[in-house]
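*Asks:* Need a 3D model of the sequence below.
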Amino acid sequence: MPVTDTKPFEEMLLRMLRTVAPGTVLREGLDSIISARTGALIVVGDSPEVMALVDGGFRLDYELAPARLYELSKMDGAIVLSQDARRILIANALLVPGPTIPSGETGTRQKTADRVARQTGELVIAISQKRNVITLYKGGIRYVIPDISVTLARANQALQTLEKYRSVRDQAMATLTALEFENAVTLADVAAAVLRTEMVRRVAREIERYIYELGSEGRLVRMQLAELMANVEDEGESLVEDYIARLGPGAVDAVRRELDTSPRDEIFDPGAIARILGYPGGTSALESPVSPRGYRVLSRVVRLPRSAADNLTARFRNLQGILGASTDELDQVDGIGAARAHAIEDGLRRLRERALSERPWGSLR
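*Replies:* As a prediction, this is how the structure comes out:
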């Protein structure tokens, strides 16, 4: 499988895994082929590009059933399924992709699958009769599906890693909160918090891939992932909203996309994270003081409508301005009111006391 950090690649791979996940009719048929050690070449998609490569075979247009797929795989030719993988359209077909299309595969069935996938962009499944493994091809992607027991072991190991990363990330956020109340945050502190959050998100995406591979067998893994990722995405978005250099329509989404697609070594560079947030790079810039707008802290104090939080940050500019505002000044902000102003003031005071008393020992960096 090619090594890449791009989100489009991950999304395409997840769609591929969803198509053949345990619990689907297609996967049941593939497992039957694996058990019988007959091998198979299956194309999921009947686009004009695919049909142009089909030579011979016979037309069926039957509903996909595991037994039918298994019986048809006994023949040497390829099987063509509909785009939604619900119907068997053609069986015992010869596929004739361009012979000049590069392929690193050595087996005849795998080489054909690779070339058809590259030429058509459709999902092609090859089951090796000798090795008895399922290999997925789509475009330039090649992915070998491991045994479920192997995937489950990897998922459990990744969950343990995620639990450790989540603990470190929570400590980083607690330290950042204390620094925010002390008005002592630097750009380096922000970059460190963003890094911890991004590390958690990347491990979570890896576990999501395992969940798709496990299909119906991945229910417990899915539940554990949901528990470990509670509030991480929302707080990560608030973190970016607080510290992005220029906050405007689509700016936060753009930063999150760039973080998602940045190479791993770049994410570990505080200067690179600072540049993604819109600040100049360089060691001296990282030591520059910055002040949060207050979205993340406000979300932890009291449930505010987004419009009210926007009005607060627009009126007082940053968290320090909100902290220094009196109850009457908070009350005058649109969408706040007297009761909510008291709740914000009391909540901020309690959170400040707790953050400073429970601040983890050490530095974010």
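*Asks:* any low-confidence regions in the stretch 251-365 of the chain?
*Replies:* 360-365 (pLDDT under 70).
*Asks:* Dump stretch 305-317 to PDB, keeping only the CA atoms.
*Replies:* C-alpha atoms of stretch 305-317 as PDB (Å, rounded to 0.1, in the frame of the first residue of the first chain):
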ATOM      1  CA  PRO A 305     -25.200  29.700  21.400                       C
ATOM      2  CA  ARG A 306     -22.600  30.200  18.700                       C
ATOM      3  CA  SER A 307     -23.900  33.600  18.000                       C
ATOM      4  CA  ALA A 308     -23.500  34.700  21.700                       C
ATOM      5  CA  ALA A 309     -19.900  33.400  21.800                       C
ATOM      6  CA  ASP A 310     -19.200  35.300  18.600                       C
ATOM      7  CA  ASN A 311     -20.600  38.500  20.100                       C
ATOM      8  CA  LEU A 312     -18.500  38.000  23.200                       C
ATOM      9  CA  THR A 313     -15.300  37.600  21.300                       C
ATOM     10  CA  ALA A 314     -16.200  40.500  18.900                       C
ATOM     11  CA  ARG A 315     -16.900  42.800  21.900                       C
ATOM     12  CA  PHE A 316     -13.900  41.900  24.100                       C
ATOM     13  CA  ARG A 317     -11.500  40.700  21.400                       C
END
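*Asks:* How far does it sit from its chain's centre?
*Replies:* Counting by Cα atoms, centre = their mean, to the nearest Å, stretch 305-317 is centred 30 Å from the centre of its parent chain.
*Asks:* Now do the strands for this protein: every range, in order, please.
*Replies:* With DSSP state E as the criterion, the chain has strands at 40-44, 54-55, 58-63, 78-81, 87-95, 123-127, 134-138, 141-145.
*Asks:* would you turn those into a markdown table with mean pLDDT and mean neighbour count?
*Replies:* Glycine gets a C-beta too; all of them are placed from N, C-alpha and C. What follows is the strands of the chain, written out as a markdown table (pLDDT from 0 to 100; neighbours: other Cβ atoms under 10 Å):
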| stretch | mean pLDDT | mean neighbour count |
| --- | --- | --- |
| strand 40-44 | 97 | 24 |
| strand 54-55 | 96 | 16 |
| strand 58-63 | 95 | 12 |
| strand 78-81 | 98 | 26 |
| strand 87-95 | 97 | 20 |
| strand 123-127 | 97 | 26 |
| strand 134-138 | 96 | 22 |
| strand 141-145 | 94 | 18 |
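*Asks:* can I get those in a markdown table with distance to E227?
*Replies:* Shown next, in a markdown table, are the strands of the chain (distance: least, Cβ to Cβ, whole Å):
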| stretch | distance to E227 |
| --- | --- |
| strand 40-44 | 34 |
| strand 54-55 | 48 |
| strand 58-63 | 39 |
| strand 78-81 | 37 |
| strand 87-95 | 39 |
| strand 123-127 | 32 |
| strand 134-138 | 30 |
| strand 141-145 | 27 |
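*Asks:* nearest to L187, of the ones you listed?
*Replies:* strand 141-145 (37.5 Å; Cβ to Cβ).
*Asks:* Given the closest one, what are its sheet partners and their directions?
*Replies:* If you go by DSSP bridges, strand 141-145 pairs up with strand 134-138 (antiparallel).
*Asks:* got the CA positions of the strand it pairs with in CSV?
*Replies:* Coordinates of each C-alpha in strand 134-138 appear next as CSV, following Å, rounded to 0.1, in the frame of the first residue of the first chain:
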residue,chain,number,x,y,z
ILE,A,134,-7.7,-10.9,-0.7
THR,A,135,-6.0,-7.9,-2.4
LEU,A,136,-7.9,-4.7,-3.3
TYR,A,137,-6.9,-2.4,-6.2
LYS,A,138,-8.2,1.0,-7.1
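*Asks:* show me the residues around A21 that make contact.
*Replies:* Applying Cβ atoms under 8 Å, 6 or more residues apart in numbering, we find A21 in contact with R27, Y212, E213, L214, G215, S216.
*Asks:* Just among those residues, which is most surrounded?
*Replies:* E213 (25 neighbours; other Cβ atoms under 10 Å).
*Asks:* give the contact list for that residue.
*Replies:* So E213 contacts L17, A21, I145, P146, I148, T151 (Cβ under 8 Å, 6+ apart).
*Asks:* mind redoing it with 10 Å?
*Replies:* 13-14, 17-18, 20-22, 143, 145-146, 148, 150-152, 154-155 (Cβ atoms under 10 Å, 6 or more residues apart in numbering).
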